[in-house]
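Colleague: coords please:
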Amino acid sequence: MGIFSRTRDIVAANFADLLEKAEDPAKLIRMIILEMEETLVEVRASAARTIADQKEMRRHISKLEQLQANWTEKAELALSKDREDLAKAALVERQKAVDMADQLKIEIAVLDDALRASEEDIAKLQKKLSEARAKQSSVQTRMESATNRYRLREMYNGPKTHDAFSRFDVLERRVDDAEGRADAMGLGLPKTLDDEISELRASDKVDAELAALKARMNKES
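Modeller: I've put the predicted structure just below:
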């Protein structure tokens, strides 16, 4: 037994509700699409059989109409020979062919109604199938997005990332120690020309800031 037992069940199905209640929406939508595709095959096969039956009936009607014409000719021939009894018997046979043809025409009309219903069912099923495939695409996109978000969060929140940054902290500490040792090596050594010039430039900046501060305070007072 599939998800849907009849065509009308598929047509009336609300895929959004089905997916919302499903434990595995991706799996359910695949099953729905498979069920609908199988149903479409069955409906089309049934329609094909109906069309074949109609063609066979129309061929039979054509033969019956030819038979009616033959019996009519025989009845006319019998009357022309004053054999009314034979003419009457020929007309009885002709009427049998007429009745059979009329019955076949009624059956063809019934099959026409069935074909129209099948055509409507196929159109509705195809529309539902398109809807289901769109849902499948949406579900797959959302699932991939959720999986990618999980991986990213695991990447920057996971233990491996924390461990890597802890190692960076250790390396930075080692660099700090190395730089500290290098700076300590320069303590107590005579200043170079570049050091003295740099100190002069720094002193000039401090003097300029001091003068500006005094001028502003004098102006305000």
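Colleague: ok, Ala90 - how many residues close by?
Modeller: Number of residues near Ala90 (other Cβ atoms under 10 Å) recorded here: 21. (Each C-beta comes from the backbone N, C-alpha and C, glycine too.)
Colleague: and the gap between Pro74 and Gln95?
Modeller: For residue 74 the amino acid is Lys, not Pro. According to Cβ to Cβ, to the nearest Å, Lys74 stands 13 Å off from Gln95.
Colleague: so which of the two has more stuff around it?
Modeller: Neighbour count, other Cβ under 10 Å: between Lys74 and Gln95, Lys74 has more, with 17 against 12.
Colleague: check contacts around the residue lying closest to the more buried one once chain neighbours are set aside.
Modeller: Using Cβ to Cβ, 6 or more residues apart in numbering and skipping the chain neighbours, the partner closest in space to Lys74 is Ala90 (4.3 Å). With contact taken as Cβ atoms under 8 Å, 6 or more residues apart in numbering, Ala90 is in contact with 71-72, 74-75, 78.
Colleague: and Ala90, what element?
Modeller: helix 84-157 (DSSP states H and E).
Colleague: could you chop this protein up by domain?
Modeller: Following automatic domain parsing, one finds the domains of the chain at 7-157, 162-220.
Colleague: chain center to the first one, what's the gap?
Modeller: The one in question is domain 7-157. 26 Å (Cα atoms, centre = their mean, to the nearest Å).
Colleague: any idea of the mean pLDDT for that domain?
Modeller: For domain 7-157, mean pLDDT is 84.
Colleague: try stretch 202-210
Modeller: Mean pLDDT, computed over stretch 202-210, is 77.
Colleague: just the CA atoms of that stretch, as CSV, please.
Modeller: Output of stretch 202-210 as CSV, limited to C-alpha atoms (Å, rounded to 0.1, in the frame of the first residue of the first chain):
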residue,chain,number,x,y,z
ALA,A,202,59.4,63.6,20.4
SER,A,203,60.5,66.5,22.6
ASP,A,204,59.5,69.0,19.8
LYS,A,205,56.0,67.5,19.7
VAL,A,206,55.6,67.7,23.4
ASP,A,207,56.8,71.3,23.4
ALA,A,208,54.4,72.2,20.6
GLU,A,209,51.5,70.6,22.4
LEU,A,210,52.4,72.4,25.7
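Colleague: so Ala123 versus Leu129, what's the distance?
Modeller: According to Cβ to Cβ, Ala123 stands 11 Å off from Leu129.
Colleague: pick out whichever of the two has more residues nearby.
Modeller: Leu129 (17 against 10).
Colleague: from Ile32, how far off is that one?
Modeller: Leu129 is 9 Å from Ile32, by Cβ to Cβ.
Colleague: for Leu210, same thing?
Modeller: From Leu210 to Ile32 the distance is 82 Å (Cβ to Cβ).
Colleague: of those two, who's got more company?
Modeller: The residue with more neighbours, out of Leu210 and Ile32, is Ile32; 26 against 10, by other Cβ under 10 Å.
Colleague: so the host helix or strand of that one versus helix 84-157, what angle?
Modeller: Per DSSP H and E, Ile32 falls inside helix 25-80. Orientation note: helix 25-80 sits at an angle of 170 degrees relative to helix 84-157 (axes from the mean of the first three to the mean of the last three Cα atoms, to 10 degrees).
Colleague: SS state for Asp82?
Modeller: Per DSSP: H, G, I helix; E, B strand; the rest coil, the local secondary structure of Asp82 is coil.
Colleague: this completes my enquiry, with thanks.
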